[in-house]
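Asks: no FASTA, just this:
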């Protein structure tokens, strides 16, 4: 029966043989390579400088915006829209004007395109529509149509005469305007409730 070779003897013999050989084989020593995507706690978070224009005029505001996402390279578009009252933003060049819209993920509000840390970007914002503008147009249009019907017809139709609802006299065109305003406000409140998870 053979005697098992001990590991210490093998190590010693290999070290003895390496001294005798003219060109010893170097043993590779692992060198840690720093990962650029990992950041230390005291490192500055990546951010871009945003020059915000409004309908091609400006820049209205210049601010720093942090980059988010897994790779810390996506623009927080939804935060910009909410903070500045915009419905959409576009890539912008002061010399040539507005370009393509900046697309973003609807779930997390981050841009689909990536940006590098320290970049300077120009965006053109489209303001949200005011609900006063369409309501004013509807009121003016309804009033003009009502007065035209009254002037053109000799006898006043029954539907123009005031209706008695809730114990008061309400002309039908006022009721129509109230319904339109209520519908628009309800649509906006539904969007707000969906936004906050209701």
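Replies: Perfect, I can see it now. These numbers were taken from a predicted model, which means no experiment stands behind them.
Asks: correct me, but residue 90 touches residue 96?
Replies: No: contact criterion CB atoms under 8 Å: residue 90 and residue 96 do not qualify, at 12.0 Å. (Each C-beta comes from the backbone N, C-alpha and C, glycine too.)
Asks: between those two, which one's more packed in?
Replies: Neighbour totals were compared for residue 90 and residue 96, and residue 90 leads with 17 against 7 (other CB atoms under 10 Å).
Asks: partners of the more buried one in the sheet?
Replies: Beta-bridge partners recorded for residue 90 (DSSP bridges): residue 101, residue 124.
Asks: Now for it: which residues touch it?
Replies: Going by CB atoms under 8 Å, 6 or more residues apart in numbering, residue 90 touches 98, 99, 100, 101, 102, 123, 124, 125, 126.
Asks: can you redo the residues you listed as CSV with distance to residue 112?
Replies: Shown next, in CSV, are these (distance: CB to CB, whole Å):
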residue, distance to residue 112
98, 18
99, 15
100, 11
101, 11
102, 8
123, 15
124, 18
125, 18
126, 18
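Asks: most surrounded residue in these?
Replies: residue 124 (27 neighbours).
Asks: Distance check, that one against residue 58.
Replies: Going from residue 124 to residue 58 by CB to CB, to the nearest Å gives 8 Å.
Asks: where along the chain do the strands fall?
Replies: 47-54, 57-68, 74-76, 86-93, 97-101, 110-114, 120-127, 163-165, 168-170 (DSSP state E).
Asks: most packed of the ones you listed?
Replies: Mean neighbour count (mean count of other CB atoms under 10 Å) peaks for strand 74-76 among these, with a mean of 23.
Asks: on contacts alone, who are the packing partners of it?
Replies: strand 57-68, strand 110-114 (3 or more CB pairs under 8 Å, 6 or more residues apart in numbering; DSSP states H and E).
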